[in-house]
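Novice: here is the input, now give the coordinates:
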Amino acid sequence: MQVAIIAITANGARIGASLLSALPQGRLFVIEKHATDDAEPFSSGVAPLVERLWPECDGFVFIMATGIVVRAIAPLLQAKDKDPAVVVLDDAGRFAVSLLSGHLGGANELARSCAALTGSMPVVTTATDANDLPSFDMLAKENGWRIDDLSRVKVLNALLLEGREIAVVDPSGTVKTYCAGKGNLAFHADLERAIQSGAAGLLLVTNREIPPSVDRDRALVLRPVDLCLGIGCNRGTGADEIESVVSANLARLSLSLRSVKCIATARAKEDEAGLLSYAAKIGIPVVFFDSEKLNAVQVPSPPSAHAFAAIGARGVAEPAAVLAADGGTLLLEKVKNGNVTLAIAQQR
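Specialist: Coordinates of the predicted model:
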């Protein structure tokens with residue numbers, strides 16, 4: 001976490017220096033007249049400094065009055081899943097206040113760390129933390145899951161605080177472990193039973209598309225990022241053709257694009273413009289495998305003479321998907337459509 005520590009007094013500078021020594025990716029900024037050798041001096045005022053650093057930093061620790069901080073950051077705020085963590089310490093080092101992005105941004109944890117380092121008291125005001133309840137956005141963050149609609153976190157967290165029943169469908173069992181008996185949660189084996197339960201809210205952990213029978217206003221969908229697309233294509237295949245094949249097959253299997261972790265292919269495709277363009281469009285990384293590694297994977301489809309003649313691999317889509325999924329299960333064996341071959345594997 002890249003953290004900017006900002007102080008405007010001599011005592012704040014001393015507190016900042018003690019934090020800097022324990023934050024490996026920290027940078028200390030101190031107003032010019034109090035700056036020491038370990039600090040970067042500034043003289044332009046807090047607000048211009050913060051505006052400059054805002055895009056670069058994952059977190060901010062201010063050692064000053066909260067009011068100064070609020071006025072400095074207010075014009076820069078975007079959304080809870082985009083804003084950095086903001087923590088404020090008073091000049092005497094008595095309190096470390098988690099001010100902004102407590103959960104997704106990590107401010108609550110940063111406040112606790114600052115408190116432990118300075119001997120101050122952490123002040124965390126997020127309602128679930130204050131009531132010793134699990135938080136669904138933190139559940140997603142800690143497991144690397146994507147949140148379908150961030151506004152639904154607020155809805156379900158409110159139901160949690162009110163003690164109303166929330167039906168949970170999570171084949172992995174992660175939610176039950178994470179929540180450890182806290183909250184009025186009812187766990188169901190499948191979606192149909194959860195819907196029929198009449199619970200006030202619904203929490204789904206799935207890589208599949210959600211059917212129309214689900215009331216999306218009261219449902220929070222968390223997406224495990226566990227699908228790997230193995231893609232092979234002829235030289236010069238366009239991004240639109242690749243997208244069409246992927247979209248059609250995801251829809252056929254009711255799988256969500258939001259659960260796709262990566263595209264996997266042969267090393268020979270490192271300069272395949274259409275494939276790289278498609279990956280950039282959907283914001284998913286591409287991983288490449290040498291032909292030797294591809295050939296070492298046992299797959300259900302027969303060897304491809306065309307692929308072997310072109311790049312020395314007996315196949316691309318299936319072995320690449322399996323390798324990217326750490327030996328996971330093939331949900332879609334190789335299909336060929338036009339210039340594209342596709343296989344989909346689910347990570348273990």
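
Novice: all the helices of the stretch 1-150 of the chain, in order from the start?
Specialist: 10-20, 46-53, 66-73, 107-118, 127-130, 136-143 (DSSP state H, counting those that start in this stretch).

Novice: pick the most deeply packed of these.
Specialist: The densest packing among the helices of the stretch 1-150 of the chain, expressed as mean neighbour count by mean count of other C-beta atoms under 10 Å, is seen in helix 107-118 with a mean of 21. For glycine as for every other residue, the C-beta is placed from the backbone atoms N, C-alpha and C.

Novice: mean confidence score for that one?
Specialist: Helix 107-118 carries an average pLDDT of 96.

Novice: taking the centroid of the chain, which residue is nearest it?
Specialist: Among the residues of the chain, the one closest to the centroid is residue 144, at 5.2 Å (C-alpha atoms, centre = their mean).

Novice: pull the contacting residues for that one.
Specialist: With contacts defined as C-beta atoms under 8 Å, 6 or more residues apart in numbering, residue 144 is in contact with 224, 225.

Novice: if I look at it, how far off is residue 323?
Specialist: 20 Å (C-beta to C-beta, to the nearest Å).

Novice: regarding this protein, what is its longest strand?
Specialist: In the chain, taking DSSP state E as the definition, the longest strand is strand 329-337.

Novice: helices of the stretch 151-300 of the chain, residue ranges please.
Specialist: In the stretch 151-300 of the chain, the segments counted as helices under DSSP H, counting those that start in this stretch are 151-162, 174-179, 191-196, 239-252, 273-282, 291-295.

Novice: JSON lines please, covering those helices and showing mean pLDDT and distance to residue 265.
Specialist: Formatted as JSON lines, the entries for the helices of the stretch 151-300 of the chain read as follows, by pLDDT from 0 to 100; distance: least, C-beta to C-beta, whole Å:
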{"stretch": "helix 151-162", "mean pLDDT": "93", "distance to residue 265": "34"}
{"stretch": "helix 174-179", "mean pLDDT": "96", "distance to residue 265": "30"}
{"stretch": "helix 191-196", "mean pLDDT": "94", "distance to residue 265": "33"}
{"stretch": "helix 239-252", "mean pLDDT": "98", "distance to residue 265": "10"}
{"stretch": "helix 273-282", "mean pLDDT": "98", "distance to residue 265": "7"}
{"stretch": "helix 291-295", "mean pLDDT": "95", "distance to residue 265": "9"}
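
Novice: where does residue 36 land on pLDDT?
Specialist: pLDDT, residue 36: 84.
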